[in-house]
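**Q** take this sequence and fold it.
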Amino acid sequence: MTYRERREARADRLRGWADKRREKADALAATAAPYRGDTAFWTQPGRIPERSRLFAHMGKAAEHTEKAASMEARADGIEKAAARAIYSDDPDAADALKVRILKLVAERDAMKAHNAAIRKALKGQPESEWPRIIKEQKAPDFGWRPGCGIWMVTHQLTNTTADIARNRKRLEAMTA
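**A** Prediction:
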């Protein structure tokens with residue numbers, strides 16, 4: 001069983017557990033159904049044991065519903081991560097890594113070209129004009145990376161270069 005299959009199985013288990021929790025919550029909430037609309041039952045003063053039990057059931061139903069939502073969110077997170085991940089035991093892992101590396105290299109080159117264009121536009125201009133010139137430059141779309149304004153800041157370029165190196169090492173280890 002591959003790692004991807006194990007992750008998907010875990011997400012399925014979480015969804016199954018969430019379904020069971022929802023069923024429990026529905027069953028507990030259904031115990032109050034006979035008393036819906038019975039204003040006297042819910043509003044009369046004093047402790048009524050049946051009403052106390054129903055409040056406890058409704059509290060447990062809320063807990064089960066919250067836990068089911070938590071499990072669903074975890075399963076969604078696992079599936080989302082698995083969709084974009086490249087696991088080493090995938091049959092097409094090497095090809096997928098090569099594609100990812102090429103995409104990162106193109107992204108890095110676009111960042112470098114954009115920064116060079118801004119430096120060229122700023123050359124010889126007074127510093128008071130720099131904000132206007134930088135604002136006029138249009139930044140290319142770099143996918144999921146958060147934009148830090150028009151100028152591609154150093155950490156974006158550094159992180160992209162580090163991602164390229166990390167993925168190349170991983171590809172070498174995978175093909176060796």
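**Q** tabulate the CA atom coordinates of the lowest-mean-pLDDT helix or strand in the chain in CSV.
**A** The weakest-scoring helix or strand in the chain, judged by mean pLDDT, DSSP states H and E, is helix 130-136 (a mean of 73). In CSV, the C-alpha atoms belonging to helix 130-136 read as follows (Å, rounded to 0.1, in the frame of the first residue of the first chain):
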residue,chain,number,x,y,z
TRP,A,130,10.5,55.7,-7.1
PRO,A,131,7.0,55.0,-5.6
ARG,A,132,5.2,56.2,-8.7
ILE,A,133,7.5,54.2,-11.0
ILE,A,134,7.2,51.1,-9.0
LYS,A,135,3.5,51.4,-8.8
GLU,A,136,3.3,51.7,-12.6
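**Q** what residues sit buried inside that helix?
**A** Across helix 130-136, burial judged by 16 or more other Cβ atoms under 10 Å covers no residue at all. The C-beta positions use only the backbone N, C-alpha and C, and glycine is treated the same way.
**Q** and for stretch 165-176?
**A** By 16+ other Cβ under 10 Å, the buried positions in stretch 165-176 come out as Asn167, Arg170, Leu171.
**Q** can you give me the helices for this structure?
**A** In the chain, the helices defined using DSSP state H lie at 3-30, 39-43, 49-84, 93-122, 130-136, 154-175.
**Q** list the contacts of Met71.
**A** Leu14, Arg15, Trp17, Ala18, Arg21 (Cβ atoms under 8 Å, 6 or more residues apart in numbering).
**Q** tell me the confidence at it?
**A** Looking at Met71, its pLDDT reads 98.
**Q** distance of it from Arg6?
**A** If you measure Met71 against Arg6 using Cβ to Cβ, to the nearest Å, the figure is 17 Å.
**Q** ok, back up a step: who are the packing partners of the least confident helix or strand of the chain?
**A** Applying 3 or more Cβ pairs under 8 Å, 6 or more residues apart in numbering; DSSP states H and E, we find helix 130-136 packed against helix 93-122.
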